[in-house]
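**Student:** Here is the input, now give the coordinates:
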Amino acid sequence: MQCNLLIIFVSFVIFVDKLPFFKISRQHRLILALLLELSACTPTRVDNPISRIEPPKGWHHAPPDAANVNPANLKAWWQGFRDPKLDALIDQALANNHDLRIAVARVREAKAMTTVVESALYPSIDLTASGGREKKIDRVIGIPTPQGLGLFTPTADMITGGLAARWEIDLFGARHLEAEAATAQAEGAEQALHAVQVGLLAQLATNYLELRGVQQRTGILRENINIQRERLRALQTFNHAGLVNQADIAGQETLLRTTEGSLPVLTSAASNLIHRLAVLLGEPPENLESRLADADPLPANSPNIPGFLPSGLLEQRPDLRLARTEVSAMAAGLGAARADLFPKLVLSASGGFGALAVGGFPSLAESVYALGSGLTAPIFNAGRIQAHITAADARLDQVAANYEKAFLLALEDVENAFVAHAASLERRDRMAEAETAAEQAYRLANALYQRGANDYLSALDAQRSKLVVADERAKAETAVRVALVSIYRALGGGWSAEEAHQ
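**Tutor:** The predicted model follows:
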């Protein structure tokens, strides 16, 4: 781009040289010829070292029934829960979350700074204008003057104006590479925005599902407390009849108070989750408590397990894309640092007019044109340039290693999410079987009590055991859904890589 501008600039100067009032010296003609020879310059580039990553062929712990998902489903994965309240909360978070707003502002800042850096590729043109009036008093030595006054010179009015242009020719690509680095940094800001969005959606969905699980467990606990109170009342009645002793009553009261002590823990956990959701939504907590106070059940539906190859992480996970832009920016920065070893050429041109009016004489005006060039080359700088190159090379090694490490961490993240999901599924199945057995035990105990073959306390104990298993089943169901959210977060779900290329 700049080399093309250089050709246009030199061609324009050669054309101006044909004008009768503007001639170029022989030295400047030699410099222009040299510029034409260098107009096909190429930047001092550095090979990007990110091609060393070789993703594995597949996952070690992926479930066999993983289904292929298209980018649209990966972008809006939470819709698989089919929970309108969750959908509404996520829409609100995408519109009002403060972290997203900060990330958007950083993208805007990075793009503006890219324009600032790219402006160095083009000439700068300034308009200059000045004017004034001048009067001088000169004392002539040795010549007496009336009353010791000096001799007055006539008043002079001056005005000047014109245009001044300056352009540093990017002979060895330093400015181009700096622009590439700024562009990579701006792209990195966009990837950081996507990473914030992915984390926000996963955190919001996780907190929402945990809230529904806690609310479900709170209902089970309240029912358990009511059963234990009934058992304590029955024991007190039996004690009056002499059927049980005081130790039985004390033991039941201890169990009741212990169970009641678990209720504040669950209610405070629910409040904390609502407060966290309010922060994610960008609103005060009290505005959300009324909307989520009702104990809705966990979503009955769940999104499918996505079948996603490890190589897809390089394009889908925003943190990996961010790490890759850092490598590109540092590679360009190293090339720009190396370009400081070579000469720099600056062209300057100015043109304008000046007018001078002295006393009552007619105004004198003339046009002024100037063309200049300057060449600087490093001779001695006490190793400063080479130190800059060494530091830039070290920074490139750092970000390249960080990119490789980030990919390994991403693989670990996905594999751990698959393991956690499989473990939560197995635990949920065991708890479901236990709940079925506890339900059958309660029905049998209650049937025996109805026929008089069993006592009332045994029926209450069977019902309490069933509720304890139901609480564990609720925790397992919540863990399954939270683990599924973790899988989509680990895969970078929550935005579309295809839309970023459009």
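
**Student:** Helices of the stretch 201-350 of the chain, residue ranges please.
**Tutor:** Along the stretch 201-350 of the chain, the segments classed as helices by DSSP state H, counting those that start in this stretch run 246-281, 285-292, 313-316, 318-339.

**Student:** Tell me which residues of the first one come out buried.
**Tutor:** By 16 or more other Cβ atoms under 10 Å, the buried positions in helix 246-281 come out as 248, 252, 256, 259, 266, 269-270, 273-281. To be clear about C-beta, it is placed using only N, CA and C from the backbone, and glycine gets the same treatment.

**Student:** Nearest to residue 121 among those?
**Tutor:** Proximity to residue 121 was ranked across the buried residues of helix 246-281 by Cβ to Cβ; first place goes to residue 280, at 42.2 Å.

**Student:** In this structure the closest one contacts residue 207, no?
**Tutor:** Yes. In this structure, residue 280 is within contact of residue 207 by Cβ atoms under 8 Å, at 7.3 Å.

**Student:** Where does the prediction get shaky in the stretch 401-502 of the chain?
**Tutor:** 452-454, 498-502 (pLDDT under 70).

**Student:** and residue 320, how many neighbours?
**Tutor:** Residue 320 has 20 neighbouring residues, counting by other Cβ atoms under 10 Å.

**Student:** isn't it right up against residue 312?
**Tutor:** No. Contact between residue 320 and residue 312 fails when scored by Cβ under 8 Å: they sit 10.4 Å apart.

**Student:** Show me whatever sits in contact with both of the two.
**Tutor:** Common neighbours of residue 320 and residue 312 (criterion: Cβ atoms under 8 Å, 6 or more residues apart in numbering): none identified.

**Student:** if we can go back for a sec, which residue in the buried residues of helix 246-281 has the weakest pLDDT?
**Tutor:** Of all the buried residues of helix 246-281, residue 248 carries the smallest pLDDT score, 84.

**Student:** which ones are touching the residue nearest to that residue when sequence neighbours are not counted?
**Tutor:** With Cβ to Cβ, 6 or more residues apart in numbering as the criterion, residue 248 has its nearest non-adjacent residue at 5.5 Å, and that residue is residue 235. The neighbours of residue 235, taking Cβ under 8 Å, 6+ apart as the test, are 244, 248, 249, 252, 457.

**Student:** The fourth one contacts residue 232, correct?
**Tutor:** Yes. Judged on Cβ under 8 Å, residue 252 makes contact with residue 232 at a distance of 4.8 Å.

**Student:** just to revisit the earlier point, among the contacts of residue 235, which pair sits farthest apart?
**Tutor:** Looking across the contacts of residue 235, with Cβ to Cβ as the criterion, the two at the greatest separation are 249 and 457, at 11.8 Å.

**Student:** Within its local environment, how many residues does residue 54 see?
**Tutor:** That count, for residue 54 with other Cβ under 10 Å as the rule, works out to 9.

**Student:** quick one: pLDDT of the residue most central in space within the chain?
**Tutor:** Nearest to the geometric centre of the chain sits residue 192, at 1.9 Å (Cα atoms, centre = their mean). Note for residue 192: predicted pLDDT of 96.

**Student:** does it sit in a helix, a strand or a coil?
**Tutor:** Three-state call for residue 192 (DSSP: H, G, I helix; E, B strand; the rest coil): helix.

**Student:** Would you mind putting the helices of the stretch 201-350 of the chain into CSV with distance to residue 76 alongside?
**Tutor:** Output for these, formatted as CSV (distance: least, Cβ to Cβ, whole Å):
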stretch, distance to residue 76
helix 246-281, 17
helix 285-292, 22
helix 313-316, 14
helix 318-339, 16
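
**Student:** and residue 127, which of these is closest to it?
**Tutor:** helix 318-339 (30.8 Å).

**Student:** Output the contacting helices and strands for that closest one.
**Tutor:** helix 174-240, helix 313-316, helix 384-450 (3 or more Cβ pairs under 8 Å, 6 or more residues apart in numbering; DSSP states H and E).

**Student:** Out of these, flag the one nearest residue 304.
**Tutor:** With Cβ to Cβ as the measure, helix 384-450 is the member of those nearest residue 304 (12.0 Å).

**Student:** got the angle for that closest one vs helix 318-339?
**Tutor:** Angle of helix 384-450 versus helix 318-339, following axes from the mean of the first three to the mean of the last three Cα atoms, to 10 degrees, is 170 degrees.

**Student:** what packs against helix 384-450?
**Tutor:** Packed against helix 384-450 by the contact rule (3+ Cβ pairs under 8 Å, 6+ apart) you find helix 313-316, helix 318-339, helix 456-490.

**Student:** just these: most buried one?
**Tutor:** Using mean count of other Cβ atoms under 10 Å, the stretch among those with the greatest mean number of neighbours is helix 318-339 (a mean of 23).

**Student:** shaky segments in the chain?
**Tutor:** Using pLDDT under 70, the flagged stretches of the chain are 1-45, 51, 66-73, 134-154, 156, 354-366, 368, 452-454, 498-502.

**Student:** can you list the domain ranges for it.
**Tutor:** By the record's domain assignment, the chain is partitioned as 1-40, 42-122+171-342+388-500 (automatic domain parsing).

**Student:** right, so the ones you listed: which one is the most enclosed?
**Tutor:** Each of the domains of the chain was scored by mean neighbour count; the highest is domain 42-122+171-342+388-500, a mean of 17, by mean count of other Cβ under 10 Å.

**Student:** Please write out the alpha-carbon positions of stretch 172-187 in CSV.
**Tutor:** Only the C-alpha atoms of stretch 172-187 are listed here, as CSV (Å, rounded to 0.1, in the frame of the first residue of the first chain):
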residue,chain,number,x,y,z
PHE,A,172,11.9,-1.9,5.5
GLY,A,173,8.3,-2.5,6.7
ALA,A,174,8.6,-1.3,10.3
ARG,A,175,5.4,0.8,10.1
HIS,A,176,3.5,-2.0,8.3
LEU,A,177,4.5,-4.5,11.0
GLU,A,178,3.5,-2.1,13.8
ALA,A,179,0.1,-1.7,12.0
GLU,A,180,-0.2,-5.5,11.8
ALA,A,181,0.5,-5.8,15.5
ALA,A,182,-2.1,-3.2,16.3
THR,A,183,-4.6,-5.0,14.1
ALA,A,184,-3.8,-8.3,15.9
GLN,A,185,-4.3,-6.6,19.2
ALA,A,186,-7.7,-5.2,18.1
GLU,A,187,-8.7,-8.7,17.0
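
**Student:** List the contacts of that stretch.
**Tutor:** Residues from elsewhere that reach stretch 172-187 (Cβ under 8 Å, 6+ apart): 2, 41-45, 107, 110-111, 113-114, 116-118, 120-121, 168, 170, 325-326, 328-330, 332-333, 335-336, 339-340, 342.
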